[in-house]
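Q: From the sequence below, what's the structure:
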Amino acid sequence: MTTPGTVSIRRAAERGQADHGWLRSAHTFSFADYYDPAHMGFRNLRVINEDRVAPGKGFGTHPHRDMEILSYVLEGTLEHRDSMGNGSVIRPGEFQRMSAGTGVRHSEFNGSKTEPVHFLQIWILPERTNLAPGYEQRMFEPDERRDRLRRVVDHQGSEGALKINADIVLANGVLGPGKQVEHVVAPGRHAWLQVAWGSVEVDLLPGPERVASLGVGDGAAISRPGSLVITAGSEGAELLVFDLP
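A: Numbering: from 1, shown residues only. The predicted structure is shown next:
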């Protein structure tokens, strides 16, 4: 999707769209019936789906294998069941990591009869196949993520992050109006920035000009070393920043 030395913007309006009545989904990368050879993923980041599930509806039990799957709820609640014996409810501010490994069957369901659930589904390619399946879930309180980038997922499970079987770091931040955060893209690393809500201005320093203005649902791939400086717009913003090999 991008080559070293470039920045590529993926606008929300350009994503693949699916409307099944009970489910409305926007696909940043190729997924299911949406296929675009120019957008097959970025590095080991394979899927970012923004899903809205109607009250009382959901994804029936289905299998996965050899994939690291993250779910992050923005609004509403998501009920989870799987063949490992896990049963949970995921609420806003909670991240779930399911390692499919040698094989997992699971379902995700909106248990509310009145409110939709709005969440991000993220797939990461694992460091190797045939790993043992696994599951983690954790709430990250607002103060942990306010006006900073809080590590929520990484390879080691450091600083209380969920541990994933892949060489990535995922950080999450909720910024007030005009607040600024910074992420350093090291040599040989890459970054993907996803705006969950709000808007931001993005600069990559050193460099003479602004990289991008991003709104809700927009994404940006960065494949140049430097300091990624992110400034929230007038309504604030919520960000997911992936650091990738």
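
Q: partners of Tyr34 in the sheet?
A: Here Tyr34 sits in beta bridges with Phe31, as judged by DSSP bridges.

Q: What separation do you get for it and Thr114?
A: As for Tyr34, its distance to Thr114 is 30 Å (criterion: CB to CB, to the nearest Å). All C-beta spots, glycine's among them, are computed from the backbone N, C-alpha and C.

Q: These two: who's more crowded?
A: Tyr34 (16 against 7; other CB atoms under 10 Å).

Q: so what pLDDT did that one get?
A: The confidence metric pLDDT takes the value 97 at Tyr34.

Q: That one against Glu14, yeah?
A: No: between Tyr34 and Glu14 there is no contact, the gap being 11.5 Å when judged by CB atoms under 8 Å.

Q: Buried residues, the one helix or strand Val181 maps to. List them.
A: For Val181, the host element (DSSP states H and E) is strand 180-185. Neighbour-count burial for strand 180-185 flags 181, 183, 185 (criterion: 16 or more other CB atoms under 10 Å).

Q: Which one of those is nearest to Asp82?
A: Comparing the buried residues of strand 180-185 against Asp82 with CB to CB picks out His183 as the nearest, at 32.2 Å.

Q: Tell me the secondary structure at Glu136.
A: Here Glu136 is recorded as strand under DSSP: H, G, I helix; E, B strand; the rest coil.

Q: List the residues that contact it.
A: Shown in contact with Glu136 (CB atoms under 8 Å, 6 or more residues apart in numbering): 96-97, 162-163.

Q: Near the nearest residue to Phe242 once chain neighbours are set aside, how many other residues are there?
A: Using CB to CB, 6 or more residues apart in numbering and skipping residues adjacent in sequence, the residue nearest Phe242 is Trp192, 4.2 Å away. Using other CB under 10 Å, Trp192 has 26 neighbouring residues.

Q: tell me which element Trp192 is part of?
A: Trp192 belongs to strand 190-205, assigned by DSSP H and E.

Q: Tell me if I'm right that Pro63 and Thr102 touch.
A: No: under the criterion of CB under 8 Å, Pro63 makes no contact with Thr102, lying 10.9 Å away.

Q: Give the partner strands of the lengthiest strand in the chain in its sheet and their orientations.
A: In terms of residue count, the longest strand belonging to the chain (DSSP state E) is strand 226-244. The pairing partners recorded for strand 226-244 under DSSP bridges are strand 169-175 (antiparallel), strand 180-185 (antiparallel), strand 190-205 (antiparallel).

Q: Dump the ones you listed to a markdown table, plus distance to Leu120 and mean pLDDT.
A: A markdown table is the format used below for the strands paired with strand 226-244 (distance: least, CB to CB, whole Å; pLDDT from 0 to 100):
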| stretch | distance to Leu120 | mean pLDDT |
| --- | --- | --- |
| strand 169-175 | 10 | 98 |
| strand 180-185 | 18 | 97 |
| strand 190-205 | 7 | 96 |
